[in-house]
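Enquirer: Have a look; sequence and predicted model below, questions after that.
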Amino acid sequence: MTQIPPTFSLELFPPQTPEGAEKLRAARAQMALLKPRFFSVTFGAGGSTRDRTLETVLEIQREGHAAAPHLSCIGSTRESIRNILEQYRSHGIRHLVALRGDLPSGMARPGTFRYANELVDFIRKETGSWFRIEVAAYPEYHPQAKSPADDLLAFKGKLEAGADSAITQYFYNFEAYAHFIDECQAIGINVPIVPGIMPISSYSSLARFSDNCGAEIPRWIRKRLESYGDDSASIRAFGLDVVTHLCEKLLASGAPGLHFYTLNQVGLTSTLWQRLGLSSAGADGSPA
């Protein structure tokens with residue numbers, strides 16, 4: 001059997017201001033030198049960044065790079081999602097990251113779609129095989145899941161609805177990912193499940209993100225980060241060591257790639273890329 005080389009990708013969020021757009025263009029020019037397989041671009045709660053997501057994706061395409069917009073369904077109608085899909089198709093976009101998403105502040109009801117499997121099913125019925133569809137996976141389980149078993153079945157439901165592969169929520173516990181893969185294989189799930197990687201630049205930001213999304217910061221990492229106080233250089237150096245080691249273990253275990261949550265910052269991701277030797281790989285993971 002031919003071994004498929006791992007693929008590496010970068011996630012961006014659409015800028016809110018013209019100044020932010022200029023900063024992102026500069027950062028993206030440096031990120032492009034890393035030759036990622038694709039850039040993904042997030043989609044705000046209830047479609048709040050719909051136009052900016054598309055603008056960012058089209059800019060990336062004009063620069064000669066592959067791009068995959070996120071598409072979340074909470075707060076959306078069938079007609080609004082249909083219009084977005086038609087717009088993406090008209091621009092030749094063939095790769096999506098389909099998510100349930102968050103309920104916008106002040107909105108009482110989720111809209112037509114309640115779960116990501118319903119969105120995936122709708123995309124397939126509307127567009128057939130036009131799009132490659134990625135979905136989310138949660139090695140430490142979705143914070144709203146009733147149980148680990150329910151969460152695993154919900155993930156399987158997204159794949160049965162037509163998803164091709166998955167990108168995980170970020171994590172720092174390798175065993176959580178390894179156990180999740182074992183559980184998936186035990187129930188017949190064999191699609192690529194790419195680990196999501198979050199570089200560590202600030203303890204306060206990481207703690208806030210993690211509390212919101214349910215990602216665990218292992219106690220030994222949390223205590224070390226807390227001990228550095230406001231020493232940002234030590235936090236970044238320790239974070240680089242932790243995340244580099246995690247990525248090395250993931251790739252050595254056969255992970256199908258890595259997806260970096262860049263937060264529109266190039267520095268730490270670029271350093272991790274170089275430490276891992278990914279800068280010598282082509283966009284598909286093969287030697288350049």
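Expert: Received, thanks.

Enquirer: Hmm, residue 8 is touching residue 277, no?
Expert: No. The criterion here is C-beta atoms under 8 Å, and residue 8 misses it with residue 277 at 11.1 Å. To be clear about C-beta, it is placed using only N, CA and C from the backbone, and glycine gets the same treatment.

Enquirer: of those two, who's got more company?
Expert: Per other C-beta atoms under 10 Å, whichever of residue 8 and residue 277 has more neighbours is residue 8, with 25 against 10.

Enquirer: Quickly list what the more buried one is bridged to.
Expert: Note on residue 8: beta-bridge partners by DSSP bridges are residue 258.

Enquirer: which residues does it contact?
Expert: Neighbour list for residue 8: 34, 36, 37, 257, 258, 259, 260, 273, 278, 281, 285 [criterion: C-beta atoms under 8 Å, 6 or more residues apart in numbering].

Enquirer: same thing but at 10 Å, please
Expert: Residue 8 makes contacts with 34-38, 194, 197, 247, 251, 257-260, 273, 276, 278, 281, 283-285, as judged by C-beta atoms under 10 Å, 6 or more residues apart in numbering.

Enquirer: Repeat that for residue 99.
Expert: Counting by C-beta under 10 Å, 6+ apart, residue 99 touches 42-43, 70-74, 116, 119-120, 134-136, 158, 167.

Enquirer: I'd like to know which of those is nearest to residue 87.
Expert: Using C-beta to C-beta, residue 71 comes nearest to residue 87 of the contacts of residue 99, at 10.9 Å.

Enquirer: Specify the local secondary structure of the closest one.
Expert: Under DSSP: H, G, I helix; E, B strand; the rest coil, the three-state class of residue 71 is strand.

Enquirer: hmm, back to that, mind listing which of the contacts of residue 99 are in helices?
Expert: Counting by DSSP state H, the part of the contacts of residue 99 found in helices is 116, 119, 120, 158.

Enquirer: can you count the residues close to the nearest residue to the first one once chain neighbours are set aside?
Expert: For residue 116, ignoring the flanking residues on the chain, the nearest one in space by C-beta to C-beta, 6 or more residues apart in numbering is residue 100 at 4.3 Å. A count of nearby residues for residue 100, using other C-beta under 10 Å, gives 22.
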